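Q: make a model of this:
(one chain, ligands or ions: 2)
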Amino acid sequence: MILRSMLFIPGDSDKKLAKADGSPADAIIVDLEDAVAAARKEAGRQITQEFLKARPLAGRKTKLYVRINPLESDMPLRDLAAISPGAPDGIMLPKASGPEDVELISRYLDILEMRDGVPAGHTKIVAITGESAEGVLSLRDYAKWKGKLPRLVGMCWGPWDLAADIGAGGNKDPQGNYELTYHMAMSMSLLGAKAAGLQAIDTAYTEFKDEAGLLAWCKRIRREGWTGKVAIHPAQVPIINAGFRPSDEEIAHAQRVLDAFAQADTGVASLDGVMLDLPHLKQARNIMELVKAS
Ligand code: COA
Ligand code: MG
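A: Ligands and ions are numbered 1, 2, ... in the order given. So this is what the prediction gives:
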């Protein structure tokens, strides 16, 4: 299943969590990390457990993920132990420094799923890999683990934590465009995800009132190969879903490419005087996959 839109909701806010039901998001991410203050972590775990238990696996229309605290803290096992009885559909692991971190979380989940009667392997993982210098530089390693981390379905990145990690004053230039390092980190996150056969999920669009800007950004990065984006406000979800749907022109063109190949009995075809070969066929199939997902 393609996770186009993933809506963050602070894990200690009953009021905001009540807005999860009926959201057109492909997944909700209940956050126990940055959106929950240190003094509220334990309350957040309890509220999150109750939230999950009130929405049993069988009747769920939206995937329910939980962002736990990072491995560099002493909290991830406490987070997992508290939420596992609610059978989350996935874990978002922040500040992943490499595939070994994902493997460790996978092992914890093996044990907790057995303890709590959750089907083995049910709980998937989206790792935030591009959030630290080490995380970005280890992106290449995930391809070597392909097939060995079956829970891992997607990767996300985080330019704010990355800036903090490397001691930068900010991540954008005065015109509002990412500085060089963040362009590189974003591009590496895309390539790292694709090389490992994973979904590439973009970070938050923090200017949550700028709907036109969000839509344009989603369309642009979808063309680059990104498959989804996190939302921080409910109003962003339908915009992200629309932005990740190929345009009518793209769909019509992809259909014509598929038709041209169906009629050709060689590896090349022609359409409107232009040569088409295997990459064009793959692109057309990708477009149709995205249409099916939406
Ligand atoms: N999930 C669910 N409900 C949300 C929400 C979210 N992420 N963000 C806002 N809402 C609710 C508000 O509580 C409000 O409800 P009400 O009408 O019943 O009062 C309604 O949607 C409209 O919210 P609005 O007034 O536009 O925004 P705000 O000023 O209350 O909140 C944020 C702005 C940024 C604080 C809020 O969107 C938020 O908490 N986002 C998630 C932050 C997060 O999880 N960050 C971690 C990942 S980066
Ligand atoms: Mg963060």
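
Q: got the contact list for Leu17?
A: Each residue near Leu17 by Cβ atoms under 8 Å, 6 or more residues apart in numbering is listed here: 9, 11, 30, 47, 51. (Glycine included, C-beta is placed from N, CA and C.)

Q: chain center to stretch 72-92, what's the gap?
A: 18 Å (Cα atoms, centre = their mean, to the nearest Å).

Q: quick one: pLDDT of the residue most central in space within the chain?
A: For the chain, the residue nearest the mean C-alpha position is Ile201 (3.7 Å; Cα atoms, centre = their mean). Per-residue confidence (pLDDT) for Ile201: 98.

Q: first-to-last residue distance for stretch 56-63?
A: End-to-end span of stretch 56-63 (Cα to Cα, to the nearest Å): 11 Å.

Q: in it, what counts as buried?
A: 62-63 (16 or more other Cβ atoms under 10 Å).

Q: likewise for stretch 111-130?
A: 112-113, 118, 123-130.

Q: and for the closest residue to ligand 2 within the stretch 1-150 of the chain, nearest residue in space, chain neighbours not counted?
A: Closest residue of the stretch 1-150 of the chain to ligand 2, Cβ to the ion: Asp34 (4.2 Å). Using Cβ to Cβ, 6 or more residues apart in numbering and skipping residues adjacent in sequence, the residue nearest Asp34 is Pro94, 7.7 Å away.

Q: ok, back up a step: part of a strand, is the residue nearest to the centre of the chain?
A: Yes - residue state for Ile201 (DSSP: H, G, I helix; E, B strand; the rest coil) corresponds to a strand.

Q: so it versus ligand 1, what's the distance?
A: 13 Å (Cβ to the nearest ligand atom, to the nearest Å).

Q: kindly report the same for Arg285.
A: Arg285 is 33 Å from ligand 1, by Cβ to the nearest ligand atom.

Q: around ligand 2, which positions in the stretch 1-150 of the chain sit nearby?
A: Asp34 (Cβ under 5 Å from the ion).

Q: great, nothing more from me.
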